[in-house]
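Trainee: have a look at this prediction, sequence included:
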Amino acid sequence: MEVVKSFPVMEEFYTIQGEGSYSGRAAYFVRLGGCDVGCVWCDVKESWDAEKHPETPVAALLEKITATKTDFVVITGGEPAMYDLSYFVDELHKLGIEVAIETSGCYPLKGDIDWYCFSPKKFKAPVEDAYAKAKELKVVIFNKSDFQWAEDHAAKVNDACKLYLQPEWSKEAKMLPLIIDYVKENPQWRISLQTHKYMQIP
Ligand SMILES: C[S@@+](CC[C@H](N)C(=O)[O-])C[C@H]1O[C@@H](n2cnc3c(N)ncnc32)[C@H](O)[C@@H]1O
Ligand SMILES: Nc1nc2[nH]cc(C(=O)O)c2c(=O)[nH]1
Ligand code: SF4
Ligand SMILES: [Mg+2]
């Protein structure tokens, strides 16, 4: 099998994980280009066309990552599960670095990822693999119907999976009060906010 040793990389940055279970933890983000899911409210549409982003060797990524003090890499996109991440993740593990993925779950994961954040989308159906692998289910709430939609997905994930509702950024003023009420009534869910946007960091 072909070993994938480079990816189209849109950007990389050392920051604070803003969302979900690891919110608040220092993390080195690698954003891969390419996504065919087409979310109307996607906050990084510039990532969609893989060809707009330079093919970057894993060796070059590792060099920049190890120049920081990080012990945690988040692979995001675009849709990072479109790519075989095995080699990149194995090399990170050799360095003692934990690896998380942010994914829509639309592709079967290739790579020994430590933390699988599954954020399903109405615009393209996830694969079955996502429900088994998910360590956290993070559903973006854009309108009222998304609460029931979130429950439909929660019913399918594994028992250990943590459940998060995250307001769509532009709808936050309207949806956050509803999310707060919902979580008070359904305490198996937690709220995830895009805290990096408040902190005005990448
Ligand atoms: C840009 S996506 C990239 C990774 C992958 N394609 C996915 O959707 O999970 C990273 C995270 O941001 C969330 N997200 C994207 N646009 C958002 C928005 N406008 N408001 C809130 N969350 C958003 C996604 O649901 C996902 O959890
Ligand atoms: N700080 C920060 N945290 C994040 N968590 C998920 C992000 C993503 O775009 O995948 C993201 C991001 O873009 N920045
Ligand atoms: S799946 Fe992720 S990157 Fe792709 S359009 Fe949706 S939010 Fe954006
Ligand atoms: Mg983001």
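Mentor: Received, thanks. Numbering: from 1, shown residues only. Ligands and ions are numbered 1, 2, ... in the order given.
Trainee: for the record, mean pLDDT for stretch 146-158?
Mentor: In this model, stretch 146-158 has a mean pLDDT of 98.
Trainee: and it, which residues are buried?
Mentor: The neighbour-count check on stretch 146-158 (16 or more other C-beta atoms under 10 Å) flags 146, 147, 150, 153, 154, 157 as buried. (C-beta placed from N, C-alpha, C; glycine too.)
Trainee: can you pull the buried residues of the longest strand along the chain?
Mentor: The longest strand of the chain (DSSP state E) is strand 6-16. Neighbour counts over strand 6-16 (16+ other C-beta under 10 Å) mark 6, 7, 8, 9, 10, 12, 14, 16 as buried.
Trainee: go on, stretch 160-170?
Mentor: Neighbour-count burial for stretch 160-170 [16+ other C-beta under 10 Å]: 161, 162, 163, 164, 165, 166, 167, 168.
Trainee: who touches it?
Mentor: Stretch 160-170 is contacted from outside by 19-21, 41, 43, 118-119, 134-142, 147, 150, 154, 157, 175-176, 179, 182-183, 188-194, 197, using C-beta atoms under 8 Å, 6 or more residues apart in numbering.
Trainee: can you select the buried ones from these in ChimeraX?
Mentor: Burial among those is assessed by 16+ other C-beta under 10 Å; the matching ChimeraX selection reads:
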select :19,20,21,118,119,134,135,136,137,138,139,140,141,142,147,150,154,157,175,179,182,183,189,192,193,194
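Trainee: which of the contacts of stretch 160-170 fall within strands?
Mentor: Per DSSP E, those map to strands at 118, 136, 137, 138, 139, 140, 141, 189, 190, 191.
Trainee: residues contacting the residue lying closest to the fifth one once chain neighbours are set aside?
Mentor: Once flanking residues are discounted, residue 139 sits nearest to residue 150: 3.9 Å by C-beta to C-beta, 6 or more residues apart in numbering. The neighbourhood of residue 150, defined by C-beta under 8 Å, 6+ apart, consists of 137, 139, 141, 163, 165, 189.
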